[in-house]
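Engineer: Dropping the sequence and predicted coords here.
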Amino acid sequence: MPKMNIMLEMEKRTRKILFFTFFFIFILSSPLLILYIQGYRFDFENKKLTQTGGLFLKVIPKQVQIYIEEELVKETDFFFGSALIENLLPKRNNIKVKKEGYFDWEKNLEIREKEVTEAKNIVLFPKETNFTFLFKGIKDSWFSKDGKKMIFKEEGEDFWELKLYDLEQNVKSHLLKESDISKKGVDDIFDLEFSKDGEEIYFNTILKEKEVSFALEINREPPFLKEIERYSFLPEDIIIHHQLNGEIYYLDNLGVFYKTDSSFSTKEKVTKSPFPLKQETEYKLSIFSDLIFLIEEGKTLYLLNQETKLFEVLFEGIKDLKISPDGEKIAYFSNYEIRILFLKDTPEEPRQKRGENIFLFRLSNKIKDVFWIMPNHLLFITENNIKITEIDNRDMINTISLAELSFFTENYSQSLNDQKSPEVFWSSANEKLYILAEENLWISSKLTP
């Protein structure tokens, strides 16, 4: 009996010791557990306790691998192509996104305490872009504004004709022969352009030593040709004009900028003082939202200051400007630089303010043209390359090379100074490239995943 009592007493003591031991462990670990749940971690590199941040990525295509500091941490989901990575220490991290058969995306992004860093416009482009030969004997080509139609000029031994190519249906049809204009023949046509609805084309030609304008209704069967007074509605003192929402903005030969309606019965002076026009210089107007741009061809880009009512220099050496598909950004470029102007505030990272102007990059090779292919991606043509770039300028800018222009022509090195050097066109309707080189037309596979 005494021995049994001793054993019972020892058992009680052991239980008591274990209870208090676990109790003190619980008391000591509770704050740490609470801190852990609240996202705190110990930063061994800086030897301090800090609150973590997160990273949210949205990627096209879906199910790609995400690496942080060369370590695979997650895959994007099947349904939305997104991934949220939590409990990251606040510091600059190297992020890589990979998928077999696609170019990698890489950027160093800052992870901040109690915040989620976002990159929602990541696109991985296929490493292989296929180009297929489409037509031969193409002398010239024009695209409709919606990118759904293409007109090209073919020439025979002693005649030319216009053909219509439906990019969506992949159908080629006859439009117009030279003899349809004049039985005696027409040397050439020029200033060809599509109507806003794409139902007609307008062009000029020379008949009996006189310039004559025509309209061709391309959606009729057969197409209907008629002579028109193409620019008869414009007063003679107008240098350039731009129509927007039923209003006409124009610059007269004295450099005064006006706004009026289609009747020209009343006009409103927009600028405070005349713009200093230069002789033998071509000008172009571009208006987006309430931003009015004046381009002095090949030289200077001006923006109308809404407060001072004066055109102010925005960029020197301008070649052209292009508005993004979402209507929120403008890309403008010179021979060697590309810049982006934001027309609206962007709520997503990288956040930009309306009117903010960012420098994208400068190249050593001359830029021939730039196209928007997505709201946050540009395609640009250099002297011998076709490339795609993102516009996210946080750290490195991801740029890939699609093809070399020398692929499409045997004599490319000799044609660099030729007016008929390879021309590249982007169709937003089917998201494909068209390359016209040495009278041969090529088409790419679809560029966007």
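Structural biologist: Thanks, I have the structure now.
Engineer: Spatially central, which residue of the chain would that be?
Structural biologist: residue 372 (2.7 Å; Cα atoms, centre = their mean).
Engineer: Who does that residue form a beta bridge with?
Structural biologist: residue 378 (DSSP bridges).
Engineer: pretty sure it contacts residue 324?
Structural biologist: Yes - the pair residue 372 / residue 324 is scored as a contact, 4.8 Å apart, by Cβ atoms under 8 Å. Using the backbone N, CA and C atoms, a C-beta is placed for each residue, glycine as well.
Engineer: now residue 277: how far from residue 146?
Structural biologist: Using Cβ to Cβ, to the nearest Å, residue 277 is found at 33 Å from residue 146.
Engineer: go on, residue 237?
Structural biologist: 33 Å.
Engineer: shared neighbours, residue 372 and residue 324?
Structural biologist: residue 331 (Cβ atoms under 8 Å, 6 or more residues apart in numbering).
Engineer: Can you pull out the residues in contact with stretch 76-92?
Structural biologist: Contacts for stretch 76-92 (Cβ under 8 Å, 6+ apart): 39, 41, 43, 45, 50-64, 66, 68, 73-75, 108-113, 116.
Engineer: Please list only the buried members of those residues.
Structural biologist: Buried by 16 or more other Cβ atoms under 10 Å: 39, 51-55, 57-62, 64, 66, 68, 109, 111, out of the contacts of stretch 76-92.
Engineer: residue ranges of the strands in the stretch 51-200 of the chain, please?
Structural biologist: 53-60, 65-68, 71-75, 82-88, 92-98, 105-110, 116-123, 131-136, 138-143, 149-155, 160-166, 171-177, 189-194, 200-207 (DSSP state E, counting those that start in this stretch).
Engineer: Turn these into CSV, columns for distance to residue 292 and mean pLDDT.
Structural biologist: Below are these laid out as CSV (distance: least, Cβ to Cβ, whole Å; pLDDT from 0 to 100):
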stretch, distance to residue 292, mean pLDDT
strand 53-60, 35, 94
strand 65-68, 43, 97
strand 71-75, 47, 96
strand 82-88, 39, 92
strand 92-98, 40, 96
strand 105-110, 35, 97
strand 116-123, 29, 95
strand 131-136, 39, 92
strand 138-143, 26, 91
strand 149-155, 29, 91
strand 160-166, 35, 93
strand 171-177, 36, 92
strand 189-194, 22, 89
strand 200-207, 25, 90
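Engineer: coming back round to it: compare neighbour counts for residue 237 and residue 146 and give me the winner.
Structural biologist: residue 146 (14 against 11; other Cβ atoms under 10 Å).
Engineer: Correct me if wrong: that one contacts residue 429.
Structural biologist: Yes - using Cβ under 8 Å, residue 146 is in contact with residue 429, at 6.4 Å.
Engineer: Give the residue spans of the stretch 301-449 of the chain that score low on pLDDT.
Structural biologist: Along the stretch 301-449 of the chain, segments meeting pLDDT under 70 span 410-421.
Engineer: what's the neighbour count on the nearest residue to residue 322 once chain neighbours are set aside?
Structural biologist: Once flanking residues are discounted, residue 322 sits nearest to residue 331: 5.0 Å by Cβ to Cβ, 6 or more residues apart in numbering. Other residues near residue 331 come to 20 when the count uses other Cβ under 10 Å.
Engineer: can I get the CA coordinates of the helix or strand hosting residue 331 in CSV?
Structural biologist: In the assignment (DSSP states H and E), residue 331 maps to strand 329-333. What follows is strand 329-333, C-alpha atoms only, in CSV (Å, rounded to 0.1, in the frame of the first residue of the first chain):
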residue,chain,number,x,y,z
LYS,A,329,-3.0,55.7,-73.7
ILE,A,330,-1.1,57.2,-76.6
ALA,A,331,2.2,55.8,-77.8
TYR,A,332,4.3,58.4,-79.7
PHE,A,333,7.8,57.8,-81.2
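Engineer: Give the other helices and strands that it contacts.
Structural biologist: With contacts taken as 3 or more Cβ pairs under 8 Å, 6 or more residues apart in numbering; DSSP states H and E, strand 329-333 sits against strand 320-323, strand 337-342, strand 367-374.
Engineer: Between strand 337-342 and the longest one, find me the angle.
Structural biologist: Right, the one you point to is strand 367-374. Angle of strand 367-374 versus strand 337-342, following axes from the mean of the first three to the mean of the last three Cα atoms, to 10 degrees, is 30 degrees.
Engineer: buried stuff in strand 367-374?
Structural biologist: 367, 368, 369, 370, 371, 372, 373, 374.
Engineer: burial measure for residue 430, as a count.
Structural biologist: Counted with other Cβ under 10 Å, residue 430 comes out at 15.
Engineer: three-state assignment of it?
Structural biologist: coil (DSSP: H, G, I helix; E, B strand; the rest coil).
Engineer: hang on, it packs against residue 168?
Structural biologist: Yes - using Cβ under 8 Å, residue 430 makes contact with residue 168 at a distance of 6.1 Å.
Engineer: and the closest residue to residue 219 other than its chain neighbours, how far is that from residue 174?
Structural biologist: Closest residue to residue 219 apart from its sequence neighbours, by Cβ to Cβ, 6+ apart: residue 199 at 5.2 Å. From residue 199 across to residue 174, the span is 17 Å (Cβ to Cβ).
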